[in-house]
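Chemist: let's see this in three dimensions:
(2 chains)
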Amino acid sequence: MTADEILDQIKVLPPNTQVAIKLMKLLRTENQHNEEIVETIQYEPSLTARLLKVCNSAYWGRKARIGTVDEAILQLGYQEVLTIVTAMGIGEALTTENQGYGMGARELWLHTVVTAMASQKLAEHSKLPETEAKFAFTAGLLHDLGKTAVGDFLKKELEAVRELVQKDGYAMVEAETMILGTNHAEIGGRLLERWKLPSDLVDAVSFHHKPQLDRATLSALVHLANCSAHLMGSSYGWDSMAVRVEPKAFLLLGIQPEDVERTMLYVHEDSERINAFIALV
Amino acid sequence: MAAPSPDSSARKRIIVGIADMAVTNDITVDLLADLVTHSLGSCLGITIYDPETHVGGLLHVMLPDSAIDPEKAKRSPCVFVDTGVPLLFHKAYELGAEKTRIVVKVVGGARLLNDFFKIGQRNYEALVTILTRNGVKITAEQVGGQVSRTIRLDVKTGSLFIRTPGLAETTL
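Modeler: Predicted structure coming up:
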């Protein structure tokens, strides 16, 4: 099967993701188009209400009371508002039980948030240009979206996939490709492409298991962030450790293996942020 | 799921988070207690148990060596093997456990494919170093491999149950 054939057979999108998609498209043009951003969010009153509630929660609302979308962007910054809206938009899809991966209702969501945080932290240590580093958290949030589409297809082939992973020692993503002809990374990337998101984000998701190694790339960053998150035990499926590490990603990003340990420390330290994002859905 | 037992309603379940620990005995909590920690990944779950006093402890450590961040080790000693393990033993001694009777079991320390980080392996090596230095032996272990494990220590019996998604529960 191709990524498109799988995507044509399932429905991944919860409705309010449309706003997150529009915002991510505006990423490249932030500041110049603040009005457009505010309008986009306000177009969806229920989302605006949820956003403002979150902005005044214990974690985000400690500086000042936030009454409008304008104030939210001013206080928290555009990037942070984007990550909140994105998390609210895609979180629903990532919090359903996924039998294909043997994951309970909220386990993939925890892994997603941990990866996003690791990604943002690793970006600080990396040679990644700022134009791409600013996508780090969002790319982390999106990286496993394809799993929500693959789950049902994997469920039917579970025995074969498990044999490849548990007996033959293949990585999960390799087993998916062998059985389905495509995998969750490819499908996730294709989905973002259909949403016409910036190519950096599409590539980061498509290649998070097989990073592009011609230069420092967002896909290499998300690759390492994902590995860190798996090491921390954030992904409690039966395939939780069946991820193949690409050591060249370190070299290209100028990241030391110790930086991965420091990232794990940082993520652990900031449990408040993890919990705040997890509670968005 | 935990193995069904007739007294399951009377069990107190103490959840130990990542880089955290708990030490207890079923006398002080007045119930049958379980110490549980979820999804170890490359982390180690280290349990100690004194069968005479029913003192049980569980430590979920993340990294081998506190030298990478001594400040963090002061705030959260249970993050690291070298600072967490002494603490685990001291807490158990406080509740009456005796070093000569303590049974040590170790689970976790899994690795990824082509694992460049070797965090699981280094966690285990750091543990062996510190235990050897103190003349303590590991009684049973299930470490390494490519699975994330969840463990439960039954403080009444000292049995350690290991669960991996999609596989049958095993006992150590």
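Chemist: point me to the residue of chain B nearest chain A.
Modeler: Chain A sits closest to B:Gly41 of chain B, with a gap of 2.9 Å, by C-beta to the nearest C-beta. Yep, even glycine has a C-beta here, placed from its N, CA and C like the rest.
Chemist: I'd like to know how many residues surround the nearest residue to A:Thr68 once chain neighbours are set aside.
Modeler: Excluding the flanking residues, the one nearest A:Thr68 by C-beta to C-beta, 6 or more residues apart in numbering or on different chains is A:Leu52, at 7.6 Å. When counting by other C-beta atoms under 10 Å in any protein chain shown, one arrives at 18 neighbours for A:Leu52.
Chemist: which helix or which strand is home to A:Leu52?
Modeler: Here A:Leu52 sits within helix A:45-55, counting by DSSP states H and E.
Chemist: for B:Asp26, give me its contacts.
Modeler: B:32-33, B:54, B:155-156 (C-beta atoms under 8 Å, 6 or more residues apart in numbering or on different chains).
Chemist: same question, B:Val106
Modeler: So B:Val106 contacts B:44-47, B:124, B:127, B:138, B:140-143 (C-beta under 8 Å, 6+ apart).
Chemist: secondary structure class for B:Val59?
Modeler: Just to correct that, residue B:59 is Leu rather than Val. The three-state label given to B:Leu59 by DSSP: H, G, I helix; E, B strand; the rest coil is strand.
Chemist: that one: what's it in contact with?
Modeler: B:16, B:20-21, B:44-47, B:78, B:84-85, B:87-88.
Chemist: who's in contact with A:Asn275?
Modeler: By C-beta under 8 Å, 6+ apart, the neighbours of A:Asn275 are A:Tyr59.
Chemist: tell me the pLDDT at it?
Modeler: pLDDT for A:Asn275: 95.
Chemist: give me the low-pLDDT residue ranges for the stretch 1-150 of chain A?
Modeler: A:11-17, A:27-33 (pLDDT under 70).
Chemist: if we can go back for a sec, drop anything exposed from the contacts of B:Val106.
Modeler: Taking 16 or more other C-beta atoms under 10 Å in any protein chain shown as the criterion, what is buried in the contacts of B:Val106 is B:44-47, B:124, B:127, B:138, B:141-143.
Chemist: spatially, which two of these are the most separated?
Modeler: Greatest spatial distance among these (C-beta to C-beta): B:Thr47 and B:Tyr124, at 14.5 Å.
Chemist: the contacts of B:Val106 in helices, which ones?
Modeler: B:124, B:127 (DSSP state H).
Chemist: dump the contacts of B:Val106 to TSV, plus pLDDT and distance to A:Met1.
Modeler: What follows is the contacts of B:Val106, written out as TSV (pLDDT from 0 to 100; distance: C-beta to C-beta, whole Å):
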residue	pLDDT	distance to A:Met1
B:Leu44	98	40
B:Gly45	98	39
B:Ile46	98	45
B:Thr47	98	45
B:Tyr124	98	41
B:Leu127	98	45
B:Ile138	98	47
B:Ala140	97	45
B:Glu141	98	42
B:Gln142	97	37
B:Val143	97	38
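Chemist: sorry, back to before: residues near the residue of chain B closest to chain A, how many?
Modeler: A count of neighbours around B:Gly41, defined by other C-beta under 10 Å, yields 29.
Chemist: and it, how far is that from A:Leu231?
Modeler: B:Gly41 is 5 Å from A:Leu231, where distance means C-beta to C-beta, to the nearest Å.
Chemist: make a markdown table out of the buried ones among the contacts of B:Val106 and add distance to A:Ile179.
Modeler: Shown next, in a markdown table, are the buried ones among the contacts of B:Val106 (distance: C-beta to C-beta, whole Å):
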| residue | distance to A:Ile179 |
| --- | --- |
| B:Leu44 | 33 |
| B:Gly45 | 32 |
| B:Ile46 | 38 |
| B:Thr47 | 38 |
| B:Tyr124 | 33 |
| B:Leu127 | 38 |
| B:Ile138 | 39 |
| B:Glu141 | 34 |
| B:Gln142 | 29 |
| B:Val143 | 30 |
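Chemist: out of these, which touch chain A?
Modeler: Near chain A, taking C-beta under 8 Å from any C-beta of the partner chain as the test, no member of the buried ones among the contacts of B:Val106 is found.
Chemist: what sits against the closest residue to B:Leu127 other than its chain neighbours?
Modeler: Nearest residue to B:Leu127 in three dimensions, chain neighbours excluded: B:Val81, at 5.3 Å (C-beta to C-beta, 6+ apart). B:Val81 makes contact with B:44, B:61, B:63-65, B:123, B:126-127, B:130, according to C-beta under 8 Å, 6+ apart.
Chemist: same check on B:Ile102?
Modeler: Counting by C-beta under 8 Å, 6+ apart, B:Ile102 touches B:48-50, B:89, B:92, B:136.
Chemist: residue boundaries of the helices in chain B?
Modeler: With DSSP H as the criterion, chain B has helices spanning B:70-75, B:81-94, B:119-133.
Chemist: show the buried residues in the contacts of B:Ile102.
Modeler: Looks like the contacts of B:Ile102 have B:48-50, B:89, B:92, B:136 buried, using 16+ other C-beta under 10 Å.
Chemist: isn't A:Lys155 up against A:Gln99?
Modeler: Yes - contact between A:Lys155 and A:Gln99 holds when scored by C-beta atoms under 8 Å: they sit 5.0 Å apart.
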